[in-house]
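Student: Predicted coordinates and the sequence they were generated for:
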Amino acid sequence: MRNLKILVLGCGGQVGWELRHRLACMGEVIGVDFPKVDFSNADSIRKTVREVAPAVMVNAAAYTAVDKAESETELAMAINGTAPGVLAEEAKRLGCVLVHYSTDYVFDGTKLGPYVETDAPHPLNVYGRSKLAGDEAIEAVGGNYLILRTSWVYGARGNNFLLTMLRLAKEKTELRIVDDQIGSPTTSECIAQATADILAQVLAPVGGGLHGRSGIYNLTCTGETSWFGFAKEFLNERSGSATPKLIPIPTSEFPRPAKRPANSRLLCRRVEETFGVRMPDWKVALALVLETLRERSSLT
């Protein structure tokens, strides 16, 4: 397994950065990102894959500007919708495993309970439609693939809700936060670790391979909260600084270009039953991220 080549696309992003560290013991990790590879250009993607000729590809590259996607539809569709299909074609040609990340935004959030992998998608925005197109493109090609569907991703680095709120908490005395959207905050670290755990099984010399296990798997931390509840949890953990007044508001009071699903909960039973992977409670995962930030002296 030492000579195994693992290509991580989007290695500079939240999940991609963590993947480079979690997969390092499994083989030679080759990380690529824009502008070395243009994820909106099929030829650029094919050239990169063929130069590396990996045994595993993990696609952490994505167009994630949800609101901006409403006005950059073609770019979002190229990166999120077309590129995964190109990767699937290259993976099938090479006979390698493809891991790709999807999103809760493929659903409209009207279901009363958590979504399962077989629920019919109905995205509310361009971002969700582009990600669904990517999922469908991979499924159409087939081969050895895993689509890991996650939600509310954040971590100790990059651009995310946690870091934005921590910054605003230092600047403002009052924060108005949406309280009627429910989901499971999921750390990039947990996603990367779960990916590594799954790949360790798939690549095992004995009993390895996917063998009919290709498909979509929900992958989020357990438990649920609102954006308001999430912010309240970590802002109350700050020490040495005054906490701004937190005001829960409905989505209607915070209009944005892209509509968001009210229910982003995903049931992760399938990944647990198939690969034995169980994600931690979102509060446990959050505590680990806050610990990392404290060590970096980024949290006071």
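Tutor: Arrived safely. Computed from a prediction, not measured in an experiment: that's the story for all the values here.

Student: what's the burial count for G183?
Tutor: Other residues within reach of G183, judged by other Cβ atoms under 10 Å, total 25. Heads up, the C-betas are built off the backbone N, CA and C, glycines and all.

Student: which ones are touching the closest residue to it other than its chain neighbours?
Tutor: Once flanking residues are discounted, G183 sits nearest to S264: 3.3 Å by Cβ to Cβ, 6 or more residues apart in numbering. Each residue near S264 by Cβ atoms under 8 Å, 6 or more residues apart in numbering is listed here: D104, Y105, F107, G109, S151, W152, Q181, I182, G183, S184.

Student: go on, E18?
Tutor: By Cβ under 8 Å, 6+ apart, E18 lies in contact with G155, S188, E189, I191, A192, Q193.

Student: Low-confidence bits of the stretch 101-250 of the chain, can you list those?
Tutor: 238-241 (pLDDT under 70).

Student: the strands in the stretch 1-150 of the chain, which residues?
Tutor: 5-9, 28-32, 56-59, 97-103, 145-150 (DSSP state E, counting those that start in this stretch).

Student: so can I have JSON lines of those strands showing mean neighbour count?
Tutor: Conversion of those to JSON lines gives the following (neighbours: other Cβ atoms under 10 Å):
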{"stretch": "strand 5-9", "mean neighbour count": "25"}
{"stretch": "strand 28-32", "mean neighbour count": "18"}
{"stretch": "strand 56-59", "mean neighbour count": "26"}
{"stretch": "strand 97-103", "mean neighbour count": "25"}
{"stretch": "strand 145-150", "mean neighbour count": "24"}
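
Student: Using CSV, lay out those together with distance to L124.
Tutor: Converted to CSV, the strands of the stretch 1-150 of the chain look like this (distance: least, Cβ to Cβ, whole Å):
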stretch, distance to L124
strand 5-9, 27
strand 28-32, 31
strand 56-59, 23
strand 97-103, 12
strand 145-150, 16
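
Student: just to revisit the earlier point, please, a ChimeraX command that selects the buried ones among the contacts of S264?
Tutor: To isolate the buried members of these in ChimeraX, using 16 or more other Cβ atoms under 10 Å:
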select :104,105,107,109,151,152,181,182,183,184
